[in-house]
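J.: Quick one, fold the following:
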Amino acid sequence: MYSALFYKEWLKVRWAVFGLTILSLLVLTYIALDLAYYVEFMTAVGFWGNVILLGMPFFTDIRYTPLLSGIIVAIVQFSPEMNLSRLKLTLHLPVEENKLLFQMISVGLLLLVLLFLIITILLWIIIGIYFPVEVVRFALNSLALWLLGGIAAYFLTSAIILEPVWTRRLILIPVALGFIDLFYSSGNPHIQLTLFFIITSVVAALLISYSGYHFKRGIK
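T.: Below you'll find the model as predicted:
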């Protein structure tokens with residue numbers, strides 16, 4: 001049954017995922033060309049000095065791509081379920097509703113993780129061509145937080161869409177915005193802070209079961 005559900009969710013989000021993949025590749029290409037230009041214009045040593053000593057940003061163009069990806073995948077995946085009342089039929093299947101909802105979000109999460117893995121590997125290669133391992137580690141630490149922000153945005157956007165009561169949606173929206181902002185205002189985190197954000201991102205998924213409970217209760 002999960003394979004059929006996976007295929008159903010894939011049909012809904014496939015074009016969005018393809019588009020986001022192309023967007024990510026374009027942004028990474030821009031970063032690579034920008035790096036090549038600055039290294040040529042300033043010489044490698046001069047550019048390294050600006051990056052290492054002055055904290056010159058050189059990879060932040062990818063900053064909000066994961067956030068946009070999480071929001072778009074959630075909208076494309078769950079808006080049809082609500083607008084066309086498909087979720088009513090889905091929740092009447094002989095499967096416990098929370099299990100069914102988490103199976104649905106596991107599809108979106110898996111696709112996002114694959115996209116984010118591509119971004120991570122390519123950015124690692126691009127930066128590794130020009131910089132030592134310390135700079136690469138700094139960039140990947142920052143990227144990890146932005147990727148977690150994209151996953152949290154996916155969970156929270158899904159919960160907002162699935163919430164059937166508008167007053168609760170209005171409460172969830174500022175909470176979600178404040179929470180997601182933490183991922184983009186923390187700078188380069190220590191490992192303990194990264195672990196904290198990993199845990200809180202997973203906890204954010206529980207809001208989906210909360211919204212699903214309200215929706216199911218509304219059906220009854």
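J.: what stretches of the protein score poorly on pLDDT?
T.: Scanning the chain for pLDDT under 70 picks out 1-2, 43-46, 49-57, 83-98, 186-220.
J.: ok, 80 please
T.: 1-2, 4-6, 38-58, 81-102, 134-135, 163-166, 168, 182, 185-220 (pLDDT under 80).
J.: Look at R169 and tell me its secondary structure.
T.: helix (DSSP: H, G, I helix; E, B strand; the rest coil).
J.: Which phi and psi values does the closest residue to it other than its chain neighbours adopt?
T.: Residue nearest to R169 in three dimensions, not counting chain neighbours: E163, with 5.0 Å by C-beta to C-beta, 6 or more residues apart in numbering. All C-beta spots, glycine's among them, are computed from the backbone N, C-alpha and C. Per-residue torsions, E163: phi -70, psi 120 (degrees, to the nearest 10).
J.: separation between E163 and I22?
T.: In this view, E163 and I22 are 31 Å apart by C-beta to C-beta, to the nearest Å.
J.: Which one's more surrounded, the two?
T.: E163 (23 against 10; other C-beta atoms under 10 Å).
J.: Once you drop chain neighbours, what's closest to the spatially most central residue of the chain?
T.: Centroid-nearest residue in the chain: G150, 2.1 Å away (criterion: C-alpha atoms, centre = their mean). Using C-beta to C-beta, 6+ apart and skipping the chain neighbours, the partner closest in space to G150 is P66 (2.9 Å).
J.: Pull out the buried residues from the one helix or strand the one you found maps to.
T.: Using DSSP states H and E, P66 falls within helix 65-83. If you call a residue buried by 16 or more other C-beta atoms under 10 Å, then helix 65-83 has these buried ones: 65-67, 69-78, 81.
J.: In CSV, list these along with distance to I31.
T.: Listed next are those as CSV, based on distance: C-beta to C-beta, whole Å:
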residue, distance to I31
T65, 11
P66, 14
L67, 17
S69, 16
G70, 20
I71, 22
I72, 21
V73, 22
A74, 26
I75, 26
V76, 26
Q77, 28
F78, 31
E81, 36
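J.: chain center to the lengthiest helix in the chain: distance?
T.: Identified as the longest helix of the chain according to DSSP state H is helix 2-42. Relative to the mean C-alpha coordinate of its chain, helix 2-42 is positioned 12 Å out (C-alpha atoms, centre = their mean, to the nearest Å).
J.: Stretch 113-125 now?
T.: For stretch 113-125, the distance to the chain centre is 12 Å (C-alpha atoms, centre = their mean).
J.: For that stretch, buried residues please.
T.: Buried residues in stretch 113-125, counted by 16+ other C-beta under 10 Å: L115, F116, I119, L122, L123.
J.: Helix 65-83 and the helix or strand G108 falls within, what's the angle between them?
T.: Using DSSP H and E, G108 maps to helix 97-130. Counting by axes from the mean of the first three to the mean of the last three C-alpha atoms, to 10 degrees, helix 97-130 points 160 degrees away from the direction of helix 65-83.
J.: contacts for stretch 34-41?
T.: Where contact means C-beta atoms under 8 Å, 6 or more residues apart in numbering, the residues beyond stretch 34-41 that reach it are F47, F58, D61, I126, I127, I129, Y130.
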